[in-house]
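Visitor: Coordinates only, no sequence provided:
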């Protein structure tokens, strides 16, 4: 499967956010207040048939862990379509997001990662830095992960 990583319009993220992050619940909220903040952008992967198979959202937000760079960016709504998981699609999207942040001299990226995805984040250079907690939106256990970035 050929994919292209590109910027997405917010509306292009909704279907995958609903399907992957909210278990397909039709009433699930898939537009967040952070989607409208200045500096927010959405990156995803599109397959050769034009389907969005991965999404991610990046926005400036200080890391909640004391002692870390307040000029950090947060990664949210990372989702890969079930049929594309394990094929490197999520890694490609994350790599492109990190490259853009490094080009903009951002030094830290953090996320509230689902515990079931911690292995993915660790393989992508993130470190788990906070005890697990249950996310209010999903009801699932999450852990704060972060990755220090080097300017390119």
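Guide: Cool, got the structure. Note that the structure is predicted; figures quoted are calculated from it, not measured. Residues are numbered from 1 along each chain as shown.

Visitor: so how far is the first residue of stretch 17-30 from its last?
Guide: Distance between the boundary residues of stretch 17-30 (C-alpha to C-alpha, to the nearest Å) amounts to 6 Å.

Visitor: ok, for residue 108, nearest residue in space, not its chain neighbours?
Guide: residue 72 (3.9 Å; C-beta to C-beta, 6 or more residues apart in numbering). Yep, even glycine has a C-beta here, placed from its N, CA and C like the rest.

Visitor: Then residue 30?
Guide: residue 17 (4.2 Å).

Visitor: Test my guess that residue 114 contacts residue 142.
Guide: Yes. With contacts defined as C-beta atoms under 8 Å, residue 114 counts as touching residue 142 at a distance of 5.7 Å.

Visitor: higher neighbour count, the two?
Guide: For the pair residue 114 and residue 142, the greater number of neighbours falls to residue 142 (21 against 17), based on other C-beta atoms under 10 Å.

Visitor: Is that one in a helix, a strand, or coil?
Guide: Using DSSP: H, G, I helix; E, B strand; the rest coil, the secondary structure recorded for residue 142 is strand.

Visitor: Please tell me how far it sits from residue 118.
Guide: Counting by C-beta to C-beta, to the nearest Å, the gap between residue 142 and residue 118 amounts to 9 Å.

Visitor: Over to residue 64?
Guide: Relative to residue 118, residue 64 is positioned 17 Å away (criterion: C-beta to C-beta).
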